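J.: Build the 3D model from these lines:
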Amino acid sequence: MDDKTTGGAAVHVKPPADRLYGRIKGKKLRPRQEWLMAEFLPRLDPVVHSAWNANAPVSREQADAFDRDLPYRIDTPRGPITAIPFTTEVNDFPLVIRYGNEPEAFVRALASILEGWPEIGSPPACLDLTAHAHVFGRPAGAMAFKAAIKRAQQARVRFADGALVDP
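T.: All right, here's what the predicted structure looks like:
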């Protein structure tokens, strides 16, 4: 990370992911790897090696795609993998830790999306309900997550698993 000083305060500026990856790994990204950009580069590493390195184990999916609303196929030298969109609208970490909301904000965020979806024509899309053990691993968080699942079930959404997204 680059340090910049502004008015006496140090500010950390995150360089573009391709430059940061190049600094860490000493190589440039290949075309069509831009979708792999994740905020936490260690999560990126296994997928890059799996898809483009003949000696690595094969991964069939990657859940950090930010450029589309539906899963899509990426052809790699090792075979196809599925890029799965990752959304952060219903995610305990930013809602509770970053923004300081109570766990019920998780349920309200989901309810708002589900209730408003018909207003935008109900397009198909993936929506993650993301809960982290270190955030929602307490009773209030667990109750909020359970309430969100119940709310999604009442809305008759389709829950995906690996079998639905394999290429």
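J.: Leaving out chain neighbours, which residue sits closest to residue 96?
T.: Nearest in space to residue 96, with sequence neighbours left out and distances taken as Cβ to Cβ, 6 or more residues apart in numbering, is residue 135 at 5.7 Å. C-beta: built from backbone N, CA, C; applies to glycine.
J.: That neighbour: what's it in contact with?
T.: Remark: with contacts taken as Cβ atoms under 8 Å, 6 or more residues apart in numbering, residue 135 is in contact with 92, 93, 96, 97, 141.
J.: possible to save those residues as JSON lines with secondary structure?
T.: Converted to JSON lines, those look like this (DSSP: H, G, I helix; E, B strand; the rest coil):
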{"residue": "92", "secondary structure": "helix"}
{"residue": "93", "secondary structure": "helix"}
{"residue": "96", "secondary structure": "helix"}
{"residue": "97", "secondary structure": "helix"}
{"residue": "141", "secondary structure": "helix"}
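J.: Compare the residues you listed and tell me which has the most neighbours.
T.: Comparing the contacts of residue 135 on neighbour count, residue 92 comes out first with 25 neighbours (neighbours: other Cβ atoms under 10 Å).
J.: Tell me the pLDDT of that one.
T.: Listed pLDDT for residue 92 reads 94.
J.: what's near enough to touch it?
T.: Under the contact definition (Cβ under 8 Å, 6+ apart), the residues listed for residue 92 are 103, 106, 130, 131, 132, 135, 136, 141, 144, 145.
J.: domains for this protein, by residue range?
T.: As assigned by automatic domain parsing, the chain contains the domains 10-85, 90-158.
J.: Lowest-scoring secondary structure element of this structure by mean pLDDT?
T.: Of all regular secondary-structure elements in the chain, judged by mean pLDDT, DSSP states H and E, the least confident is strand 9-13 with a mean of 35.
J.: Now do the strands in the chain.
T.: Secondary structure of the chain (DSSP state E): strands located at 2-6, 9-13, 61-65, 72-76, 79-85, 90-91, 129-130.
J.: if we can go back for a sec, put the buried members of the contacts of residue 92 into a ChimeraX selection.
T.: Command for ChimeraX, covering only those of those found buried under the criterion 16 or more other Cβ atoms under 10 Å:
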select :103,106,130,131,135,136,141,144,145
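J.: mind showing which ranges of this protein have poor pLDDT?
T.: Scanning the chain for pLDDT under 70 picks out 1-63, 160-167.
J.: Do you have the helices of it handy? List them.
T.: If DSSP state H is used as the criterion, the helices of the chain fall at 17-25, 41-52, 92, 104-116, 133-136, 139-154, 162-165.
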